[in-house]
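Q: after the sequence you'll find the predicted model.
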Amino acid sequence: MRRESTDTPLQALVVMNDPAYVEAARHLGERMMHECDGAEQRLDYAFRLVTARHPSTRERSVLTETLKKYEAKYHADNDAAQRLISVGESPMNEDLDSSELAAYTMVASLLLNLDETLNRN
């Protein structure tokens with residue numbers, strides 16, 4: 001069965017805020033940090049995992065800018081980073097920098113919320 005595409009804000013809110021989705025994004029963020037070295041490789045790796053293709057130049061630029069924005073945010077507010085990566089039942093990897101993991105978690109959440117990821121076309 002094919003899931004129909006939707007642009008409703010409620011779907012996006014569920015995918016971005018439901019604890020299961022936040023936890024899934026954290027695990028994807030952890031995987032990005034473990035499997036690859038450097039932001040460019042990590043972003044390409046995650047994009048390929050969720051979309052089965054490489055990002056375009058424009059998509060890579062958006063991902064890079066988004067990561068920088070969240071790195072700045074979570075380096076300035078470590079408590080917010082801790083709250084984000086504490087969501088869910090599975091334990092977080094204590095060996096990873098919490099600010100960096102929070103930033104990658106948010107990028108992973110963005111990727112998991114793409115229409116291309118959620119819908120089969």
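A: Good, I have the coordinates. Residues are numbered from 1 along each chain as shown.
Q: let me see the contact set for L110.
A: For L110, the contact set (Cβ atoms under 8 Å, 6 or more residues apart in numbering) comprises L63, T66. C-beta here means a position set from N, CA and C on the backbone, and glycine is covered the same way.
Q: what's the answer for E23, then?
A: Counting by Cβ under 8 Å, 6+ apart, E23 makes contact with V87, G88, E89, S90.
Q: what's the following helix or strand after the lowest-mean-pLDDT helix or strand in the chain?
A: Lowest by mean pLDDT, DSSP states H and E among the helices and strands of the chain is helix 9-17, with a mean of 64. As assigned by DSSP states H and E, the chain's next helix or strand after helix 9-17 is helix 19-35.
Q: below-threshold pLDDT in this structure: ranges please.
A: Within the chain, the ranges that satisfy pLDDT under 70 run 1-16, 120-121.
Q: where's the residue positioned nearest the centre of it, which helix or strand?
A: Residue closest to the average C-alpha location in the chain (Cα atoms, centre = their mean): A108, at 1.1 Å. Per DSSP H and E: A108 is located in helix 98-112.
Q: now that helix and helix 19-35, what's the angle there?
A: Counting by axes from the mean of the first three to the mean of the last three Cα atoms, to 10 degrees, helix 98-112 points 110 degrees away from the direction of helix 19-35.
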